[in-house]
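Undergrad: Sequence and predicted structure below; questions after.
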Amino acid sequence: MIKKKRGLGEGLITFPGGKVEENETPLECAIREAEEEVGIKIINPKKVGVITFKQINGNVQVMHVYLATEFIGLSKESDEAIPIWVSRNDLPFKNMWIDDRIWLPLVLEGKYVNCVFEFTDDWKFMISSLCEFT
Ligand SMILES: COc1nc(N)nc2c1ncn2[C@H]1C[C@H](O)[C@@H](COP(=O)(O)OP(=O)(O)OP(=O)(O)O)O1
């Protein structure tokens, strides 16, 4: 995981990630962001879900979630993130995005998740959640 140093979610413990660039697939983006933010090359990331975030103002963002269990390199701090190792049995949910406590345990159980979370415009409160998984 990472402690995010700037931007949306600054100070939260979250995962390497970011916006898909032009002519880039979500998979390529996941690989690039892990390298940029913590300096590791993830191997064979597997898609484990799609999460839609909606805000009251109508803004909609889709997050593609990938899980990698192997990587090359040593994780290191960047301008954007401090890498941290956590135990999957003791996840720091209090310092994570609130939606993580709904979908992350499912992903760690091996499920594919498809969720929709609605937030206030300032991202401070989650108003509704709907999660399907297989
Ligand atoms: C709103 O709730 C969120 N929940 C969760 N679990 N994760 C979120 C939420 N909002 C954003 N994220 C994730 C998605 C990405 O992995 C990161 C980064 O998001 P974002 O693209 O907004 O942040 P930037 O650091 O500005 O991205 P760039 O690297 O493209 O600049 O957080």
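TA: Nice, I can see it.

Undergrad: so what strands line up beside the helix or strand where C115 lies?
TA: Counting by DSSP states H and E, the element that carries C115 is strand 113-119. As defined by DSSP bridges, the strand partners of strand 113-119 come to strand 46-55 (parallel), strand 126-133 (antiparallel).

Undergrad: what about the residue sitting nearest the centre point of the chain, distance to D121?
TA: The centre of the chain sits closest to F15, judged by CA atoms, centre = their mean, with a distance of 4.5 Å. Going from F15 to D121 by CB to CB, to the nearest Å gives 23 Å. For every residue, glycine as well, the C-beta is placed using N, CA and C.

Undergrad: Any residue of stretch 118-125 touching the ligand?
TA: Yes - using CB under 6 Å from any ligand atom, stretch 118-125 comes into contact with the ligand via 119, 123.

Undergrad: just to revisit the earlier point, can you give me the offset of the strand holding C115 from its chain's centre?
TA: 13 Å (CA atoms, centre = their mean, to the nearest Å).

Undergrad: any idea of the mean pLDDT for that strand?
TA: Strand 113-119 carries an average pLDDT of 98.

Undergrad: same thing with stretch 32-49?
TA: 98.

Undergrad: Can you check the distance spanned by that stretch, start to finish?
TA: End-to-end distance of stretch 32-49 (CA to CA, to the nearest Å): 18 Å.

Undergrad: Show me which residues of it are buried.
TA: Buried residues in stretch 32-49, counting neighbours by 16 or more other CB atoms under 10 Å, are found at 33-35, 37-40, 42, 45, 48-49.
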